[in-house]
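model the structure of this input:
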Amino acid sequence: MKLNAEKMPKAVKEIIGNAQKSITELEGKAREKLQGTYQKVAASEVFKNVEQKVSELKKAASEVEKKVSPIRQKVQAFSSEVAHKAFDTIGVATKADIKSISAKVESLKKEIRKYLPGKKSAENRTAAG
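Modelled structure (predicted):
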């Protein structure tokens, strides 16, 4: 239902006009308050520290990804190679094959552990670097 302003009594028009004016003023005050609060938060030392930490974490994640990516590619290639060998031999593997594959898997595990967070990885990095 659409209201026809021309048919409304003058008193009702005034009430609606005053209400709209009050709402507009409240919106303005709320906008100012919110902007002021945002500026205070953005200027705070805690906010700046959080922004810095987020930036550092993004950079660290990028560096880890750069280091892990080649390893991931090696693992995928090795996995594919093992799958092909398994299909080629139809499940028949010699002890030497199993020993060789196990050694490669262990080597890749050690390489991956260097880049994982935690106590062991820190020891590995200091021992390796």
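
in which helix or strand does the residue most central in space within the chain reside?
Nearest to the geometric centre of the chain sits residue 58, at 8.3 Å (CA atoms, centre = their mean). For residue 58, the host element (DSSP states H and E) is helix 45-89.

residue 105 too?
Element membership for residue 105 (DSSP H and E) is helix 95-113.

that helix - contacts with which helices or strands?
Applying 3 or more CB pairs under 8 Å, 6 or more residues apart in numbering; DSSP states H and E, one finds that helix 95-113 makes contact with helix 45-89, helix 119-128. The C-beta positions use only the backbone N, C-alpha and C, and glycine is treated the same way.

quick one, it and helix 45-89 angle?
170 degrees (axes from the mean of the first three to the mean of the last three CA atoms, to 10 degrees).

just the buried residues of helix 95-113, please?
Going by neighbour count (16 or more other CB atoms under 10 Å), the buried part of helix 95-113 is 101, 111-112.

and what of stretch 9-17?
Within stretch 9-17, judged by 16+ other CB under 10 Å, no residue is buried.

CA atoms only for it, dumped as CSV, please.
Provided in CSV are the C-alpha atoms of stretch 9-17 (Å, rounded to 0.1, in the frame of the first residue of the first chain):
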residue,chain,number,x,y,z
PRO,A,9,-3.4,15.8,7.0
LYS,A,10,-0.9,18.5,7.7
ALA,A,11,-0.2,17.3,11.2
VAL,A,12,0.7,13.8,10.0
LYS,A,13,3.0,15.2,7.4
GLU,A,14,4.8,17.3,10.0
ILE,A,15,5.2,14.2,12.3
ILE,A,16,6.6,12.1,9.4
GLY,A,17,8.9,15.0,8.4
